[in-house]
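Engineer: Any chance you could fold what I've pasted below:
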Amino acid sequence: GTTYVYKSTDRGLTWSSKTTTADTDVIAVAPDNADIFAYADTATDLAYVSTNGGTSDGSLGTIQESGGAAVDTIQDIAVSAANSSGINYVAVSGYELNGTNKEANVWYYDVGDASPLWLETNDKNGFASTSDATYSGANYSPAVIFSPQFSSDQVMLAITVGVNAPSTTDNVSLEIYSLN
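Structural biologist: Residues are numbered from 1 along each chain as shown. Sure thing, here's the model as predicted:
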């Protein structure tokens, strides 16, 4: 990764570099506010957010719900548009380890909360994340995105994959999660 990102305010005619706190391996920008972006360093599995266009950024801490397992590998990151209360969310997809088994998970973080915490989705009913022996424990979530209508529907979407080794048959699911 790199320790900087490039920013354009004129649709790509000119660019300026912004130094980041850590390596920048995956990055996402809020669709309604270019000053809000999040990035992740996949070597350390930490996420960072800037709410001032990159003038400064800060770590969002260990990606882990209280009492849950921490992220083991980050695959993707997303930033929502502001909801009706003016709050943006950051979401990280990847997997956590349950013993030696990988379990797909998506964690999300309320950027505007006075006491923000990471919350996870794989402990919710219907989320396809379990380290089912059928899929040899190699499960992960390679992608996460917020709905284009997030300000009104507060929906997050993720892909989860269960790898069925040694065969080549995989189980791919589209997860739809409401933050309401």
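
Engineer: can you map out the helices along this structure?
Structural biologist: All helices of the chain, identified by DSSP state H, fall at 150-153.

Engineer: In it, mark out all the strands, start to finish.
Structural biologist: 2-7, 16-24, 26-30, 33-41, 46-50, 58-62, 71-79, 89-98, 101-110, 118-120, 138-146, 155-164, 169-178 (DSSP state E).

Engineer: Show the average pLDDT along the fifth one.
Structural biologist: With pLDDT averaged residue by residue, strand 46-50 scores 96.

Engineer: Measure how far that strand is from the centre of its chain, please.
Structural biologist: In this view, strand 46-50 has its centroid 10 Å away from the chain centroid, taken as Cα atoms, centre = their mean, to the nearest Å.

Engineer: Repeat that for the third one.
Structural biologist: Strand 26-30 has its C-alpha centroid displaced from the chain centroid by 9 Å (Cα atoms, centre = their mean).

Engineer: could you say what helices and strands that strand packs with?
Structural biologist: Under the contact definition 3 or more Cβ pairs under 8 Å, 6 or more residues apart in numbering; DSSP states H and E, strand 26-30 sits against strand 33-41, strand 71-79. Any C-beta I mention is one placed from the backbone N, CA and C, and that applies to glycine too.

Engineer: returning to what we had before: with mean neighbour count as extra columns, can I get the strands of the chain in a markdown table?
Structural biologist: Output for the strands of the chain, formatted as a markdown table (neighbours: other Cβ atoms under 10 Å):
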| stretch | mean neighbour count |
| --- | --- |
| strand 2-7 | 14 |
| strand 16-24 | 16 |
| strand 26-30 | 19 |
| strand 33-41 | 21 |
| strand 46-50 | 22 |
| strand 58-62 | 13 |
| strand 71-79 | 21 |
| strand 89-98 | 25 |
| strand 101-110 | 24 |
| strand 118-120 | 21 |
| strand 138-146 | 22 |
| strand 155-164 | 20 |
| strand 169-178 | 14 |
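
Engineer: between the ones you listed, which one is nearest to F127?
Structural biologist: F127 lies closest, by Cβ to Cβ, to one member of these: strand 169-178, at 5.8 Å.

Engineer: Can I get the closest one as CSV, trimmed to CA atoms?
Structural biologist: Below are the C-alpha coordinates for strand 169-178, written out as CSV (Å, rounded to 0.1, in the frame of the first residue of the first chain):
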residue,chain,number,x,y,z
THR,A,169,-18.4,-25.5,-6.3
ASP,A,170,-18.7,-22.3,-4.3
ASN,A,171,-21.7,-20.9,-2.5
VAL,A,172,-22.2,-17.2,-3.3
SER,A,173,-24.8,-15.1,-1.4
LEU,A,174,-26.0,-11.5,-1.7
GLU,A,175,-26.6,-10.3,1.8
ILE,A,176,-29.1,-7.4,2.3
TYR,A,177,-28.9,-5.8,5.7
SER,A,178,-31.0,-2.9,7.1
